[in-house]
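Peer 1: next comes the sequence, and after it the predicted model I'd like to discuss.
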Amino acid sequence: MSPQLIIFFLLAALAVAGALSLILARHPIRSALSLIVVMVALAGLYLLLGAEFVAAVQIIVYAGAIMVLFIFVIMLLNAGEEERTNLSRIATMAGLPLAVALGGFIAAAIARAPLLPPSSAAAPFGAASTKSLATLLFRDFVFPFELTSFLILVAILGALVLAQRES
Amino acid sequence: MFPPRTDLLRVLPELIFCAGGTLLMLLQPFLRNRHALSFLALLSSAAATASAAFYFSPLYPGTAFNGLLRADGFSFFFHVLIGLVVFLVLLASASYLDRERLAPAEFYALILFAAAGMGVLASAQELLTAFIGLELSSISSYVLAGYRRESPRSGEAAMKYFLLGSFATAFFLYGIALVYGATRTTFLPQMAASDGSSTLVKLGLALILIGLAFKVSAAPFQVWTPDVYEGAPTPVTALFSAGPKAAAFALLLRIFSTAPADSYIWFWIFWILAALTMFTGNLGALVQSSVKRMLAYSSIAHAGYILVAICTFAFRDSDELNRSMGLAAVLYYLVAYALMKLGAFTVVSHLGGVGEKNLSLDDYAGLGRRQPFAAAALSLFLLSLLGLPATAGFFGKFYIFKAALHSHLVWLAVLMAVNSIIGAYYYLRLIVVMYMREPRPDAAPATFSFAVSLVLTITALGTVYFGLFPNSIISFASQPGLLGR
Amino acid sequence: MTLAGGHLLTILIFLPAMGALALLFLRGDDHEWIRRLALIVSLVEFLFSLWLVAAVPIGSAGYHLQEFHPWIASPPIHYHLGVDGISLFLVILTTFLTTVSILASWKSIHLRVKGFFAMLLLLETGVVGVFLSLDLFLFFLFWEVMLLPMYFLIGIWGHERRIYAALKFVLYTMAGSILMLVGIVWLYTISGTFDLPMLQNMLQTGFLALSPRAELILFLAFFLAFAIKVPLFPLHTWLPDAHVEAPTAGSILLAGVLLKMGTYGMIRFCLPLFPNASRRAAPFVAVLAIIGIIYGALVALVQPNLKKLVAYSSVSHLGFVVLGIFAFHTISMQGAVFQMLAHGVSTGALFLLVGMLYDRRHTFDISEFGGLATPMPRLAAFFLFVVLSSLGLPMLNGFVGEFLILLGTFQVHANWAAWAALGVILSACYLLWSYQRVFFGEAANEKNKAQPDLSPREKWILVTIAFVTLWMGVGSADFTRRFAASCDAVLSQMRRPQAYEAISIRPVNPAHTPESPAPHPSAISTPTERPAR
Amino acid sequence: MVPTSYYLVLSAILFGLGVVGFVFKRNVITIFMAIELMLNAVNLAFVAFSQSFGKLDGQVFVLFVIVVAAAEAAVGLGIIILIARQRQSLNVERVDLLKL
Amino acid sequence: MLILTHLWIIPLLPLLGAAANGLFGARWKNSVINSVALGSTGLSFLAVLELLREFLELRPEQLPLPAQKYFTWITAGSFRAGFDLQVDQLTVVMLLVVTGVGFLIHVYSTGYMVQEGGYYRFFSYLNLFMFFMLVLVLAANYTLLFVGWEGVGLSSYLLIGFYFLKRSASDAGKKAFIVNRIGDFGFMLGMFLLFRTFGTLDFAPLFARAAPLPPDSFGQFGTLTVACLLLFMGAIGKSAQLPLYVWLPDAMEGPTPVSALIHAATMVTAGVYVVARSHILFIHALTAMLVVAVVGCATAFYAATIGLVQNDIKKVLAYSTVSQLGYMFLACGVGAFSAGIFHLMTHSFFKALLFLAAGSVIHSLGGEQDIRRMGGLARKIRWTWLTMLAATLAIAGAPGFSGFFSKDAILFAAVGGEHAGPWLYAFGLLTALLTSFYMFRVIFLTFHGKPRFDEKHVHVHESPKSMLVPLAILAVLSLAGGWMAAPSFWGGSDHFARFLEPVFRHTGAPEAASGAATEAAGRTLELQLAGVAVFTALLGFFVAWWFYIRRPEKPKRLAESLRGVYTTLLNKYYVDELYAAVIVRPLVWISTTVLWQRVDDRGIDGAVNGVADGATALGDRFRRVQSGNTRSYAVWVVIGALLVLFVIFWPLLGPALGLVHRTL
């Protein structure tokens, strides 16, 4: 077993444990923290895959910004422990098995799927990759990139509209 | 690195929508006059629609932004459709916003941004771009659904739409990832050459389908639709039913006309979805007492009819003719459907009264005498939804029947016929209530502003015109190679 | 093509619609002029329709006064109109009965008068359009459009359970017609055209051949729609409700004209387009028709409600028409067409008279009546006249149709005719019994004693109808002559080159006894003694 | 080297856990977190494929997804705040005015 | 050749009279109505007389006359029904009877009906009847004959129900029409079968084609047999034979002149006429002939037994009519068509006379019809008594009276005719006995013995001239009418049979076809039979005399001792009750409970509404999905996702669905 594989399994275990904890935790704060664990684990995996830039963004934007926002809202709303109501009959009776079945189905299908052979040029990305990433982002994908600016504008606008106090 | 002129021209509608939205945001603090804001919004939507005409300039058709987008007849069609829908929704919402005391600028801006997203969906050739467009329109929609902040229903609608929408988006996205993994690309044209029988492709397309089925509210992914349509402000509901749905169908058509799909299996999925959707929508509408919710269910049913036409697309013996017939049927139906649904929801939104209180069937009692023109218009839309000849809805159904039968989908056509009967019952029931029941004594008349009357006139005339002369749309929609691979 | 600049048919179809439009410009409370305008429009329409007679020469089977304009490019749908011997009289019947029903509603409609007359005129447009369309699509369009005015007529101006009845009427009809639409479209996908003459031509020349299965399914799709409209047992239950709840004018047109659209459709579409399937289905259809004849009569017998009684009698009478059509014999076919006209006049008149009774007594309950012959002898006399025509007294119109149907049917299927002829007995039973209960005896109910007899308006409507009834009864040849060729054409289109040989068909040629085996062939033993035709 | 399929299976498992979380959780915020988990799973798949193909576009997609997730978070949390104000509860099961 | 070439004049006159009176009579005085009604029938009668004159002048080679085609009434395919009239010997006889007796009864009615309301209506109907009856006998094809056939039914309906305020009258009218319709059902089918077989319904070509066919042997149900039986079914209805006779007694609800004209003299004989007219067919169908004879004979006897105990004077006459019609069918059935027609004619004289006289009695008693409340009227209404006596003698078969000859001819045919049988004769003879008895019973109870009515209140008065003159004329005809047919050995010239011979020459009837050798034997037999018949008639007379003059208390005692028989006869064998219980009530019950309420309301409509309710219920289930709970919705999305994946990935599903598709 190569060290990479060991690291992979460790990080994978961490991520899955974090995800499970997210689900099982009763308090939203715990869930949020669990999610951060997952994200960090994933960032580790990204590094393992040679995607440093993405890993960085994952930590900074995702774990850093977005999750902070989550925690902020949890605090703001003073959300307490989750109330485990069972008002939905179908979710109570079949929800979990079905969801597990779906996840299992997808996982099993992927696990058994023959993958395309790795490209011969599949060298580790290295430091140059961030630059070529930028080229890709600002040249080839400039349109969606610009579009995301409007997306963010909408998000701001939306948050403003929805969360502002009654005048 | 500034994009070439042709690229910009090919996304001109989106640019105008976004510019309009941004401008509204910028001017909002300075413009006290609501009319000016409305005018600006209308102007930009009109300009965006008009700019779609550039598709006919000699520079077109073609791809833009390195093949991310494609300007062709298909996207022209959807841009015009979406532009008109947005224009009419904007026109109809001014007085609604006045009545409900809602801020207009953000509302208009959100609608314009959503329109931009829909436009992207219609011309996207690359899945990620499509995803961004989808999100742009979805996120705007989430906000719009909750725009009546003081109403718990509106908020609930926003929440449900948001949660379930994001849930479905995740599926969609995962599908993209898997397809990417299976084909090494997210560009539709390049994807076509891949092996459609590989597990990953199948899985990925299935997940994409799940995401889109949610957006077009195909059963059993329709669950959000009634609640969101009911809770959202009615002009927004009108937009939902006509705009994003059309855009999602556009994307569905793009993907499944080019994707390396083993059509034999996809056919059955569409078959089942179509049947389920029709029945769910119609049977659900049968028992509604709120007109708005009934119309929501009815839009589910209509999505089912469109799915019937899409079936012909994936039919195993599909040849070019089948596909072009199916495509024409879908496109025509979307126009007809947009017209009648917009009209119907506009009437509903203005009869609802402050706070949208008067939505139940009983509130419509005797409308034929209290407000003959509104009742007549609503009846027309209902009859068109029902599929009575000489209305656009009839030709919509007719072309779907034609496409379905041409592909020998006899049983699906029969199921659709059965559903039309079920549908007839609840549409007619509303007409019964309007014309054959005595009005409630306390019923107050609603006033219709000029703009709203204009919307109703346009939609009604359109419904009748396309019900008598469907030629223009159909001949456009059935031209060969409209949806080039 | 010189009549009315070659656009007579278009004028016929859209004149009433224009009239309805013109009505909208009148003041809503100006009832007098609304009525007058409606009457004038319908009269003009009636006169125009009489003009058609000149256009259809005796002995000619084709379509006349054709108008053919492209309408929709894809699929190719044409605005194709034409009239032949069969549709000729149905159109005239429609225009005639519309005038009658406008006159019948002169005094009895007070609410939303403008809408009422507009709906009547729109209905006329739809029905005339159905009879004159030669394009399947156009036909379907009018077929459906016609539903709406009727829906409103029943739903707004009807009686207590009007909403139920109106919904039932529309849903029943739509259930059939939507399947017909599927059929029409399917036929198009096979043949590539909606044009009826072209389809007939293609089938005749063998250019187009339907597989047995497809033909049967298509036949059923069409037939179901028509059978509901007729209505054929067991699809008839909308009819009593619709009739009872409809206002008088609605009932007149419903029974007089709308039901005929079903049988017309069978003649025009089912038989020529799907002959083999028609033959396969004929035994079943005939059995249903016969059940309908007897069943309708028996149920009519025990109805306590006069209007319902007449409604069930329509089920019975229309059963004859269907039987006549599906006997595939030239005599019975002509009888069926004639019966359509005769039933239109006489049952229309029955509903008119029942409506007159309602105007006076505001009930349809037979037990509420009794002894009415004393206060209103004229009404009683006309009623009797119409009853007699309805029960098929020779020299009145009802007889000719029934007689020809039974005669023709007997030539090919003696047992069908024998069963159906039972209806002749039963119709006498229910009509005379109800007549007795309404008009004879002492007027036990005080309200019945002081009812006014016919007003001049009512009298002249009835005189006109009586005249038509008598004319049709005595001079039936004037009518049959004009549609005989068309009926024969329908039958000859059924004898086209066989697409398959699965079924052996009896020759439908009359009087050639050797081919159509009599039940007792012993009577004619030697070929030399065959009587000449 | 870790085989790509390992990453993919992990991503599928995380995605499935997201689905489970969505169905299982009652608190709106945690449900939303489950969605974020699903998006993260997708990201992992993108990066894995990207690495396998030696193409960078997969990573670009991840950036887009993160932006979208951020935008969704902003709007979503806004909606959650709105709901919380209206209902005084974050339990998704208690938000059921609109039904049938 | 005025009338022979313009036959339409004969029926048209009464039609015009009917129309004039019907449309405008309400505003006219009675005298105007009279002149219109009498004028039209009188002229018609004159036209018939002129016709007779012209007809007799024809040279033999001009006969048979071709039918006169006026206009085509119905045409379709190879079928044509024209308004075609024809005249032959049979028609002439019928025309004379119809217009002659009809005219007399019109005259009588002007007196009888003068007090009644709806005077114009009455005459309008009566003229209408004349029209249809004339169409019936003049018709040159079955279809037109059917017009008259149904038309007289209609007139009968109208006239029976003339007193429509009376429930029983309108009931009777309705019953008459409906029962006739049952017969017409058969008649129509018969016509259809004939058309199918011969391709025409015109008499001349049809009979010409039928004549050379070999007859159906006995027991063989060939086309002709079936056709004849079906036609005979119509005749049974119209001529009130078993089992459809039930309407005729009830028809006595109509005014008495109506009973005389329609329900005795003319309309009810239409059945006989049709059988005679179709004799070429009938002689090709031995079974049918036997059926005709047996039905006729049975009816004759059966109705006579009922007539024995009836107390309503008109009812007695009604059953007597039924019985006499049975005789006529008996004659036809044994092949003696001309005897049948002869009896038809004589019967129309004496039965019309009986009814008119009875009407005169009723009239004189102010409406009393029960013979138990009459008696001793002979002096008071002498003319009525005399004429009625003449008629009674005629019907009883007193030698020299018209009935004697006609009945004799029938009985002779029943013994010696082609299809004769001893049983037919025996029952015929028995019937003659009963006839004689019940007719004299009526005479005795009405005119003799002590008056049993309240003489203080009832002012008995002789009827006016307008009523008595027709009585007298008919009495003369009843007396003398027989002589025109009297066989030569009675000293007559046998005119009647000779006259009709061209029509019935195919039948081989005994009158025409007996050779010289058999003729002598036949005479002896006929003389013997006549003797027996006279004896029977006398016996009947004496029994009646014994019972009602000599020992008036006897009948009651006899009735008591034979209570069962008596009540059965009095209640007409309970046939009406039987029909009500077996046919009418079950039919109404089935229609109401089973067909209408069960099948229609609950079955079909229930199914239709059930589908609608089912859809609504299903919709209600579907909306349950929409619980409002987002978690449920999420589960539904998951389910949908699983569904999609399942369809795609289940390896067997694809082929399976393909199979489904192929089979669908």
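Peer 2: Looks like it came in fine.
Peer 1: CA only for contacts and neighbour counts going forward, please
Peer 2: Will do.
Peer 1: which bits of the stretch 501-650 of chain E sit near chain B?
Peer 2: Taking CA under 8 Å from any CA of the partner chain, the part of the stretch 501-650 of chain E that reaches chain B is made up of E:615-616, E:618-620, E:622-623, E:625-626, E:628, E:630, E:633-634, E:636-637, E:639-641, E:644-645, E:647-648.
Peer 1: mind doing that once more with 7 Å?
Peer 2: E:615-616, E:618-620, E:622-623, E:626, E:630, E:633-634, E:636-637, E:640-641, E:644-645, E:647-648 (CA under 7 Å from any CA of the partner chain).
Peer 1: what subset of those residues is buried?
Peer 2: E:615-616, E:618-620, E:622-623, E:626, E:630, E:633-634, E:636-637, E:640-641, E:644-645, E:647-648 (16 or more other CA atoms under 10 Å in any protein chain shown).
Peer 1: in the stretch 251-400 of chain B, where is pLDDT below threshold?
Peer 2: Scanning the stretch 251-400 of chain B for pLDDT under 70 picks out B:259-264, B:314-318.
Peer 1: burial measure for the residue of chain E found nearest chain C, as a count.
Peer 2: Closest residue of chain E to chain C, CA to the nearest CA: residue E:165 (3.8 Å). The tally of other residues near residue E:165 (other CA atoms under 10 Å in any protein chain shown) stands at 18.
Peer 1: ok, now which ones touch residue B:51?
Peer 2: B:12-13 (CA atoms under 7 Å, 6 or more residues apart in numbering or on different chains).
Peer 1: please disregard the earlier target; I meant residue C:77.
Peer 2: C:70-71, C:137, C:194.
Peer 1: return the residues in contact with residue 46.
Peer 2: Using chain A here. Contacts of residue A:46 (CA under 7 Å, 6+ apart): A:52, A:54-55, D:47.
Peer 1: chain B was what I was after
Peer 2: Contacts of residue B:46 (CA under 7 Å, 6+ apart): B:83, B:87.
Peer 1: residue 139: neighbouring residues, count only.
Peer 2: In the absence of a named chain, this looks at chain A. Considering only other CA under 10 Å, residue A:139 is surrounded by 16 other residues.
Peer 1: looking at chain C here, not the other one
Peer 2: 24.
Peer 1: got a pLDDT number for it?
Peer 2: pLDDT for residue C:139: 92.
Peer 1: ok, now how distant is it from residue C:181?
Peer 2: Distance, residue C:139 to residue C:181, by CA to CA, to the nearest Å: 10 Å.
Peer 1: if we can go back for a sec, and the contacts of residue C:77, which are buried?
Peer 2: C:71, C:137, C:194.
Peer 1: going by distance to chain B, which of these wins?
Peer 2: Nearest to chain B among those, with distances taken as CA to the nearest CA, is residue C:71, at 7.5 Å.
Peer 1: quick check: phi and psi at that closest one.
Peer 2: With angles defined as degrees, to the nearest 10, residue C:71 sits at phi -120, psi -60.
Peer 1: need phi/psi at the closest residue in space to residue D:25 that isn't next to it in sequence.
Peer 2: Nearest residue to residue D:25, sequence neighbours excluded (CA to CA, 6 or more residues apart in numbering or on different chains): residue D:31, at 5.7 Å. Per-residue torsions, residue D:31: phi -60, psi -40 (degrees, to the nearest 10).
Peer 1: could you give the number of residues near residue D:31?
Peer 2: Neighbours of residue D:31 (other CA under 10 Å): 28.
Peer 1: helices of the stretch 351-500 of chain E, start to end?
Peer 2: Secondary structure of the stretch 351-500 of chain E (DSSP state H, counting those that start in this stretch): helices at E:382-396, E:402-416, E:422-447, E:465-480, E:495-504.
Peer 1: of all those helices, which lies closest to residue E:228?
Peer 2: Of all the helices of the stretch 351-500 of chain E, helix E:495-504 sits nearest to residue E:228, with 16.7 Å by CA to CA.
Peer 1: for the closest one, buried residues please.
Peer 2: E:496-501, E:503-504.
Peer 1: which SS class is residue E:34?
Peer 2: helix (DSSP: H, G, I helix; E, B strand; the rest coil).
Peer 1: again, but for residue B:482
Peer 2: coil.
Peer 1: in chain A, what residue is nearest chain D?
Peer 2: For chain A, CA to the nearest CA, closest residue to chain D: residue A:103, 3.7 Å.
Peer 1: residue 63: neighbour count?
Peer 2: Reading this off chain A. 22.
Peer 1: hmm, I had chain E in mind actually
Peer 2: Neighbour tally, residue E:63, other CA under 10 Å: 13.
Peer 1: got it, and residue B:419?
Peer 2: Using other CA under 10 Å as the criterion, the residues surrounding residue B:419 number 26.
Peer 1: and the residue positioned nearest the centre of chain A, how far from chain C?
Peer 2: Among the residues of chain A, the one closest to the centroid is residue A:39, at 6.0 Å (CA atoms, centre = their mean). Residue A:39 sits 56 Å away from chain C, going by CA to the nearest CA, to the nearest Å.
Peer 1: what residues does the stretch 351-485 of chain B put near chain C?
Peer 2: Residues of the stretch 351-485 of chain B lying near chain C (CA under 7 Å from any CA): B:388-390, B:401-402, B:405-406, B:413-414, B:417, B:421, B:424-425, B:432, B:435-436, B:469-471, B:474-475.
Peer 1: for the residue in the stretch 351-500 of chain C that chain E sits nearest to, which non-adjacent residue is spatially closest?
Peer 2: Nearest residue of the stretch 351-500 of chain C to chain E: residue C:441, at 3.8 Å (CA to the nearest CA). Using CA to CA, 6+ apart and skipping the chain neighbours, the partner closest in space to residue C:441 is residue E:165 (3.8 Å).
Peer 1: could you do residue E:300 as well?
Peer 2: residue E:323 (3.7 Å).
Peer 1: how about residue B:255?
Peer 2: Closest to residue B:255 by CA to CA, 6+ apart is residue B:188, at 6.9 Å.
Peer 1: next, residue C:235: secondary structure please.
Peer 2: Residue C:235 ends up coil, using three-state DSSP.
Peer 1: neighbours of the nearest residue to it once chain neighbours are set aside, how many?
Peer 2: Among residues not flanking residue C:235 along the chain, residue C:228 sits closest, at 5.4 Å (CA to CA, 6+ apart). Residue C:228 sits with 25 neighbouring residues when counted by other CA under 10 Å.
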